[in-house]
Every structure is written in C-alpha cells, then in structure tokens.
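> pasting the structure only:
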C-alpha cells in the first residue's frame, strides 16, 4: 500500500456540533476488488435507464449517479460518506485548521448570527467586530431564516474577495455595515494558563496539524512560569477529535516510551494496527520528533483529564490511553463514543469516498465505539448538576451506528422521559435574558468541573456527581 496522509473531516452528530472523525487518506487505489454481483448491478443499470427515460422531466445523469453512490454509502453508518467536488474541498480544509473567511466564531440567537469571538489577527478582528455583535445581513441576504451552516457558507469564499456584513451592536443600539476582505484563517486549537501557583491548565479544542507544536509551546510556557509544576489539567471537553497522529503524540507526551496508545481492527490487513508512544507513530515525514524538547517532569506530573459528552474520537483515544495506563485521573462525563476509523480514498482528482474500515481499542482492549470513555470520577457541569446532558447526542444515538462488537447492548426505557423533562427545562432557560442564562466558561474560576479537577490535584474533596451513571451502549435497531 502507498503512504498515508492522515486528515480529518466533520460529521454531523445530530443536535450537537459536528464530530471530527479520525481518518487516513489513502493516495493509491487498492490493487484488487472483490467479485462484483453482476445481477444486482444489472438491476441498478436498469433503474438508471428507466429514470432517465421515463421520469416526468429530464434528469441530470451525473447527479443521478452521485445520488446513487451517496445513498449506498450513507446506508452503512453515520460516518461513511461520498464526497462530491465541493464537499471534498471543505472536508480537506479541516485537516489544517485553515479556511478562507472573515475569522469569527459564531452561534445563533433569536434567528440571527451572534459573534462569540473574532479570531485574533483575523480580518473581522481588524475590522473591529466584537463579541455579542449580531449579524443581520450577509451581503444582500437577510440572516433570519438561514441555518448556521448556510450563514457560514455565505461568509466563506475565495481569498481576497469581499463580503459585506450588516452588524447590530446591542450596547450601542446601532446598525452599521462592515466590508471585509476574506483571507486564509488559522484557528487556534490549544489554549492554556496557570490556574494558580503550581497548577496549570491546557485545553485542546481539536486535533489539527499544528496542535502538537502548539501544545509543546504551551507546556514550555507553563514550565517557564513555574518549573516546579505540582499538577496539570488536560481539558478535552467538547473536543470532537481530529488527526490520529496528533492524538498519539499528545498521549506519548505523558506516557512511558513504546507503551500502546491505541489499536485498530478491521477486515483489511492495514486496518489491524497498534500505535505506540514512540516517534515513528506520530512523527511527520518531513520533520523531527516534536516532543523532543518537552520537560522530563511532564512524564510524572500529576494529571487530570477533563472530558464530557462532546469529547469524541481522537480525544477519546487520549483519555482512554492515559486512563488505561493509570497515568491520569479522568473526570467529567462519559464521552461521545466515536470509536471507528474512516479511510478516505480519492475517486478522481476532486471526489472521494470516506468509509469506515476499523474500530478503535484502548490499550486494555476495550472498544470505544458507541460506549466511549467512562471517567474515573463522574462530575457534573455545575454544582446543581447537568440538567441538559441527557439532550446531547452520542454515537449510540445515531441512526445505523456501528456497534462496539463487544457483547450485548442495553436500552434505557427511561431515557426519552428524561429527555422530555430536560427539553422543558431548556425551554424555560431560553426565556431568560442573556445575562441570566448559564453558559460554559471554560478556564475561569466559575468553571465547576475545572475547579473539581483542581481540587483532585490538591488532594481536596471533590463534589462527585450524585446522578450520573455509566450509560451502556444502546441496542441497535434493525
């Protein structure tokens, strides 16, 4: 087989943000194919001919074939996908954390697009856009009625092209237009700081090409601020995953050399692999070991890994490896359960097929798929509990999800009832004014799970969840 380039792409995960799937891009086609079912293929050709000749109006042949391929692949599992020209380009943008746009993190509020934060140094940042600014129009298109994804697509485009945003700034009670020239944006996947003397916090929001280098820089900054670090929190909450080699590298930064980080198993020989904490498993072809300059103390500093239902794929690999090797205490909520491997094979110069080829297993041999990582210490989102956690989609909630392959699955009869109660609470919360709504504030002293992680590192009492229990894999409907 040819060399592999690991890349990532976004996959919709129901009501939650898109979950990044860890994949490998195979640059050469397989040398052999399984025998083809000729009778069934003849049926497919016959249906194609009938639709082409008998349908009420002319149809586009290329679209028919593209839709047929999409339907075939979509029936497998939630993460297998056919990429047409446009979606393939968007998919590959996710690998670098780079895209062409204006450079803002956004959410939706009252049917409008709300700016959560302009990315530092971006065109939006230089144009003076601020958090909580509302975008009411993109060029001549009113934002109300657009989905968030539709708004994003309208703001993205080719480099050096212009887009006009109409901004409503609440605190100044004025509306004004801003014309911004699009350019390549680089997102920042690593943040960190000293929580207090002796204790550091590093947050990974995605596993991208630059994540390992940025992680190393952040670790060096923390040890420069305090060479005698007593404890560290590795925050993987809402990290949807990304590059496999980055996940192996982050794990290797904390683990003894050559121990197993993760293994994979599937039908193809190349799907049966073991990834270890050694440079040859994460080092890029053109570079040296990115971890070579890390402080030796990082291998033994007391460590807490924070996770929640939004921690998926690559972040589950890291949490599982550090937990199995007893290198860290994992705290928070049970993770998403995205434990499958996708391989992307180009079908031409600008189309491709992403197909599930293996399952991930932690060093102890446990499948991550549809189960996720169960924390050593279950901690709620707030001191009052986690009232909306039940609404978050996990891998086991996705239609046609791949099973773990390890034993029977359970189905909770009370789950829908709990969801309905949570929906009512969420509706009541939405009626409150924005300043009264409870929003996560990762990294602050109001971040309840982070404060519990800090207490764990200090050997102080931790407010353990009284309501969370391990959620077993739910039964797959046929």
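Sure, I can see it. If you're wondering where the values come from, they're calculated on a predicted model, not measured in any experiment.

> Ramachandran angles for the nearest residue to residue 377 once chain neighbours are set aside?
What sits nearest to residue 377 in space, not counting adjacent residues and going by Cβ to Cβ, 6 or more residues apart in numbering, is residue 331, at 4.5 Å. Where C-beta positions appear, they are placed from N, C-alpha and C, glycine not excepted. Dihedral pair for residue 331: phi -130, psi 150, per degrees, to the nearest 10.

> same thing with the one 3 residues further on?
Recorded main-chain torsions at residue 334 are phi -60, psi 140, according to degrees, to the nearest 10.

> Could you check how many residues crowd around it?
By other Cβ atoms under 10 Å, the residues close to residue 334 number 21.

> need the contact list for it.
If a contact means Cβ atoms under 8 Å, 6 or more residues apart in numbering, then residue 334 has 309, 372, 373, 374, 375, 378, 394, 468, 470, 471 as its contacts.

> Which two among those residues are spaced furthest apart?
378 and 394 (15.1 Å; Cβ to Cβ).

> between the two, which one's more packed in?
residue 394 (25 against 19).

> ok, back up a step: can you tell me which of the contacts of residue 334 is closest to residue 350?
Nearest to residue 350 among the contacts of residue 334, with distances taken as Cβ to Cβ, is residue 394, at 33.3 Å.

> pretty sure residue 347 contacts residue 353?
Yes: assessed by Cβ atoms under 8 Å, residue 347 is found in contact with residue 353 at 5.8 Å.

> neighbour count winner among the two?
residue 353 (19 against 15).

> The closest residue to that one other than its chain neighbours is in what secondary structure piece?
Nearest residue to residue 353, sequence neighbours excluded (Cβ to Cβ, 6+ apart): residue 345, at 5.2 Å. Assigned by DSSP states H and E, residue 345 belongs to strand 340-346.

> and that strand, which strands flank it?
Looking at strand 340-346 with DSSP bridges, its partner strands are strand 16-26 (parallel), strand 352-361 (antiparallel).

> So for residue 204, what pLDDT did the model give?
Residue 204 carries a pLDDT score of 95 in this model.

> let me redo that: residue 117
70.

> Distance check, the most centrally placed residue in the chain against residue 353.
The residue lying closest to the centre of the chain (Cα atoms, centre = their mean) is residue 240, at 1.7 Å. Using Cβ to Cβ, to the nearest Å, residue 240 is found at 21 Å from residue 353.

> now swap in residue 377 and tell me
On the measure of Cβ to Cβ, residue 377 and residue 353 end up 41 Å apart.

> cool, and residue 330?
Counting by Cβ to Cβ - residue 330 and residue 353 are separated by 35 Å.

> Equivalent analysis for residue 91, please.
11 Å.

> Kindly check the end-to-end length of stretch 298-315 for me.
19 Å (Cα to Cα, to the nearest Å).

> List the buried residues of that stretch.
Across stretch 298-315, burial judged by 16 or more other Cβ atoms under 10 Å covers 298, 301-315.

> Could you tell me the average pLDDT over it, please?
In this model, stretch 298-315 has a mean pLDDT of 95.
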